[in-house]
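Trainee: The sequence and its predicted three-dimensional model are supplied below.
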Amino acid sequence: MLRLLASAGFHGSQPIQFGLPRCGQFPCGLDGGPGLVEFPEKAVRLLAHLEILDDLRANPRVSQVVLRRVREFEEEFIEKAISGQFALAEEQGTSIEEALAALRAPDHNKLIPFRFVVSRDASLEKLADLFEDYGRRRGRSGEALALERERATQAPVVIAVIAHIIEDDPEVPAFEQWATVGGAISNALTALHLMGFAGKMVAGHRATDRAIVDAYCRSGETLVGWIAAGMAKDEVKPRGDVDPAGILSEF
């Protein structure tokens, strides 16, 4: 059960109790001495479903101090749980590096005009430094600068997509090589989804910034963007409907 003691800010002497089913493993708790907030196994996963926070807000006996502690704990635990789920999924199956190394795409003459650079853990901080420097050079400060770091670290794994296009290849024109890069990106995202992860492609002006490009690219290469990979917090939904008549016709 979730037990909020009166000494943590309740009016009255008896704790309010909310019954919760038990699920899985990994028991957890938040012990701040007086005012203990106890959670059952994987209780955070149940909070949204049972709308416990809404129940707490509606109860006049619950103080704002308790509500704030519960919210802070929920946010921190969800972030750690998602990161843990991601690592556990890789331990139990194919790692992202293994999947990317085995990845193929339609490729005339097998030029393989793409490669991937994977960042996780400490290397995400290096990417965050680059993004922070990018923001500082554009006059950003305070929260805007902190947001630049967050962009780099909000996903547990970030995969840079790098292209090497041979413009003067006598047999494979550049547009075919770019098509191969696009196929590799699509296959990488499909592989992530089949492995149980979520992913999306992001790019923008940061992918053309000279300092960021130089950190990733060798001579003759282009930084296409990044695949942000992790565990989906919510149900994955399509971005919108596509009109089949607009993309399909007969010759």
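Mentor: Good, I have the coordinates. Residues are numbered from 1 along each chain as shown.
Trainee: okay, now residue 158: neighbour count?
Mentor: Close neighbours of residue 158, defined as other CB atoms under 10 Å, add up to 23. Quick note: C-beta positions are derived from backbone N, CA and C, even for glycine.
Trainee: again with residue 159
Mentor: For residue 159, using other CB under 10 Å, the count is 24.
Trainee: Equivalent analysis for the one 4 residues further on, please.
Mentor: By other CB under 10 Å, the residues close to residue 163 number 20.
Trainee: doesn't residue 218 make contact with it?
Mentor: No: here residue 163 lies out of contact with residue 218, judged by CB atoms under 8 Å, at a distance of 11.3 Å.
Trainee: excluding its backbone neighbours, what's nearest residue 197?
Mentor: Using CB to CB, 6 or more residues apart in numbering and skipping the chain neighbours, the partner closest in space to residue 197 is residue 229 (5.4 Å).
Trainee: Going by neighbour count, which residues in the helix or strand harbouring residue 143 are buried?
Mentor: Element membership for residue 143 (DSSP states H and E) is helix 142-153. For helix 142-153, a neighbour-count test (16 or more other CB atoms under 10 Å) marks 145, 148, 149, 151, 152 as buried.
Trainee: What residue, apart from its backbone neighbours, is nearest the first one spatially?
Mentor: Spatial nearest neighbour of residue 145, chain neighbours left out: residue 135 (5.0 Å); criterion: CB to CB, 6+ apart.
Trainee: if I've got this straight, that neighbour is in a strand?
Mentor: No: counting by DSSP: H, G, I helix; E, B strand; the rest coil, residue 135 is not part of a strand but helix.
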